[in-house]
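Engineer: sequence first, then the predicted structure, then my questions.
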Amino acid sequence: MVRRLAFFVSRRSHRLNRAKRLLGAGKVSQAFSLFAKLAKAGVPEAAYRIGQCYLSGQGTPASLEEGARWTYHAAEMGIPEASFTLATLFAMGVPEGFDPSRSVSGDVGLYDHARAEDVDRYQPDFVQARFWAEKSAAVGNVEAQALLGHIFNHGPEGIQDREAARHWYGESVRGGSMQGALGLGLILLDDAEDDSQKAQAVELLQRAADEGNLGLASAAMGWIHEHGASGQPRDAYRAAAYYLKAAEQDIPSAQARYGLMLLKGVGVDEANAIRAESWLRKAAYGGDAEAAALLGDLYIRGEELFRRPMEAARWYEFAAEQHHTPAARALAVLYLTGTGVPRDERKAAFWFNHAAVLGDHLADADLGNLVLAGVARPDEEQRSLQQRLRRQAEGGNPLGAFNLGVCLAQGVGGVPDEAKAFYWLGLARDGVVNAQYWYGRMMFEGRGVARDMQAGLAWMDKAARKGLPEACVSVAQMLITGQVDGVKDHVRALELYHRAADEGLPEAYFSLGAMYGGGHDVPADLPKARDYFEEAAQRGHGLAQMMFGRYLLKGLGGSENGELARYWLQQAAEQDVEQAQELLDSLSGMSAREGESVS
């Protein structure tokens, strides 16, 4: 009986070795057939091998479920590698309720017909992953020990155990696992409290990078050398070399860092924008938001070769959707200015709000300006804006105090409260030029405080002297009309209008046209007046469109052009400028009378 049993064992061993040789020789179909017969006969290693064939698609169509089932049988029969494989499958993600002990219904594998949208439903099962990893780790499988360290380090709250992670990573390192060296090195990099622990972290990560050729370890070494961390000197060239090594192993963060170094010419022999763009693009396609934002910057502000605003908008949106704050604000600016995308103030407001929610205080101000300009936003969004500004203001942020004051003055996010608005503007006035203007304007108009025209003008004049365009125009207007104590100064008003026009304010161009048109204490200059009216008209100023139309109609400051005059008068009439419509009506009447006289 013993001799017969030994004969069967010897025969099975012979057939198993023959199947291995067939597999090594590339005769995968024959190897699979022989493994299958042995597995069904209860040979543990054959069950493991047939599971591997199903998982990798060697000699048979790939089937995760069949592979997992045979691997489970091998694990149950004590094959440590099988337990490790099961642990890996559960850690990577399986459908809810997945049970490898059950047979497959029909010939359909678990993922054979998986739809793209179904893949997102696969979730790691860390309880099962831990169970199978512990079985394999307990008998000395070093890769299972490293995986167990990973599970304890990155698993859900009920499983996470930092000390257990360090223990199992350490066990795997003693067995020569490079994955364990990577895991333990990263933990020590975070937790190191003295130079000895920092040196140990660097040694482990360097081993994993240099000996294990692990991409994540190379990326970590790149970061260490780039920032001079863990007691290492800054070395841009070593950092770039490690980042390149990790980038070639498809680590997106390393591709992004290496691309940036190429772009800036840091750690490399010379800057190379073309190679930089290539690596940044790879990183962005790999899901790296920072790389996508850098591509946006390159396409909007880079060399002429790369200046493609539409591409910039696409990559900014990709990064913004992953909550990259600067990219969200940059995308908002593109929509606001119509650069690379159709101009859309609503979309601009959406992305300004997105950036503001992520903590960008400047985006709060930009969003507030759009709301004040009449861009409709949901009430809840406006209330949220006011709450964020209030937190900034109460925290001592002058810009937040200014923006809160404007919101309260205009009723953004709640009912107007001019007294509180004046209070917050007063707190911001010494640090924010715009606040000086608003503070003075409210004092001048008596909004939220007793009216004081002299003091109001003084505060607005402070803002004007610092170049704030709106303040320049308001003070200039008061100096022309003599509203405050009858004081007029047309020469200074002209200077202030020029200053505001240099900043692109349409109202300033119109006012310059009016001043050079005559009737003020500066020499009349009709050609200049005509040029300034045209500039303001091109920028959408209704009264300027009417005046430019008149100049064209009468040949003031240049030649007559009736057809162009009608165009600009029509533009002004569409903005409800009554004089423009009257001029158009008179021109139509003249044309009608001329037609009757000809007939």
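Structural biologist: It's in. Numbers count the residues shown, from 1 in each chain.
Engineer: got the contact list for stretch 378-386?
Structural biologist: 353, 356-357, 364, 367-368, 371, 404, 407-408, 412-414 (CB atoms under 8 Å, 6 or more residues apart in numbering). Bear in mind the C-beta positions are built from the backbone N, C-alpha and C, glycine included.
Engineer: for stretch 574-587, same thing?
Structural biologist: By CB under 8 Å, 6+ apart, the list of residues contacting stretch 574-587 reads 542-543, 545-546, 549-550, 553, 562, 566, 569-570, 572-573.
Engineer: which among the contacts of stretch 378-386 gets closest to P469?
Structural biologist: Distance ranking of the contacts of stretch 378-386 against P469, using CB to CB, places G368 first at 17.8 Å.
Engineer: contacting residues for the closest one?
Structural biologist: L385, L389, N403, V406, C407, V412.
Engineer: find the residue at the geometric middle of this structure.
Structural biologist: H324 (2.5 Å; CA atoms, centre = their mean).
Engineer: what residues are up against that one?
Structural biologist: A289, E290, A292, A293 are the contacts of H324 under CB under 8 Å, 6+ apart.
Engineer: list the buried residues in stretch 411-426.
Structural biologist: V412, G413, D417, E418, A421, F422, Y423, W424, L425, G426 (16 or more other CB atoms under 10 Å).
Engineer: just give me how far it sits from the chain centre.
Structural biologist: 33 Å (CA atoms, centre = their mean, to the nearest Å).
Engineer: can I get that stretch as CSV, trimmed to CA atoms?
Structural biologist: Taking C-alpha atoms only, stretch 411-426 is exported to CSV below (Å, rounded to 0.1, in the frame of the first residue of the first chain):
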residue,chain,number,x,y,z
GLY,A,411,-26.9,93.3,-0.3
VAL,A,412,-24.9,90.3,-1.6
GLY,A,413,-25.7,87.2,0.4
GLY,A,414,-28.3,89.0,2.5
VAL,A,415,-30.2,92.3,3.1
PRO,A,416,-28.1,95.5,2.7
ASP,A,417,-26.7,96.8,5.9
GLU,A,418,-24.8,100.1,5.1
ALA,A,419,-23.9,100.9,8.7
LYS,A,420,-22.1,97.5,9.1
ALA,A,421,-20.6,97.9,5.6
PHE,A,422,-19.2,101.3,6.7
TYR,A,423,-17.7,99.7,9.8
TRP,A,424,-15.9,97.0,7.9
LEU,A,425,-14.7,99.3,5.2
GLY,A,426,-13.3,101.5,8.0
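Engineer: give me the mean pLDDT for that stretch.
Structural biologist: The average pLDDT within stretch 411-426 is 91.
Engineer: could you measure S29 against S13, distance?
Structural biologist: Distance, S29 to S13, by CB to CB, to the nearest Å: 22 Å.
Engineer: Q200 now?
Structural biologist: 45 Å.
Engineer: which helix or strand in this protein has the lowest average pLDDT?
Structural biologist: helix 116-119 (a mean of 42; mean pLDDT, DSSP states H and E).
Engineer: could you point out which element follows that one?
Structural biologist: The first helix or strand that comes after helix 116-119 along the chain, using DSSP states H and E, is helix 126-138.
Engineer: could you dump that next one to PDB, C-alpha only?
Structural biologist: Written as PDB, here are the backbone C-alpha positions of helix 126-138 (Å, rounded to 0.1, in the frame of the first residue of the first chain):
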ATOM      1  CA  PHE A 126      -9.200  44.700   3.500                       C
ATOM      2  CA  VAL A 127     -10.700  42.200   6.000                       C
ATOM      3  CA  GLN A 128     -10.200  39.300   3.600                       C
ATOM      4  CA  ALA A 129      -7.000  40.800   2.300                       C
ATOM      5  CA  ARG A 130      -5.600  40.800   5.900                       C
ATOM      6  CA  PHE A 131      -6.800  37.300   6.600                       C
ATOM      7  CA  TRP A 132      -5.000  35.800   3.600                       C
ATOM      8  CA  ALA A 133      -1.900  37.900   3.900                       C
ATOM      9  CA  GLU A 134      -1.600  36.900   7.600                       C
ATOM     10  CA  LYS A 135      -1.700  33.200   6.600                       C
ATOM     11  CA  SER A 136       1.000  33.600   4.000                       C
ATOM     12  CA  ALA A 137       3.100  36.000   6.200                       C
ATOM     13  CA  ALA A 138       3.100  33.600   9.100                       C
END
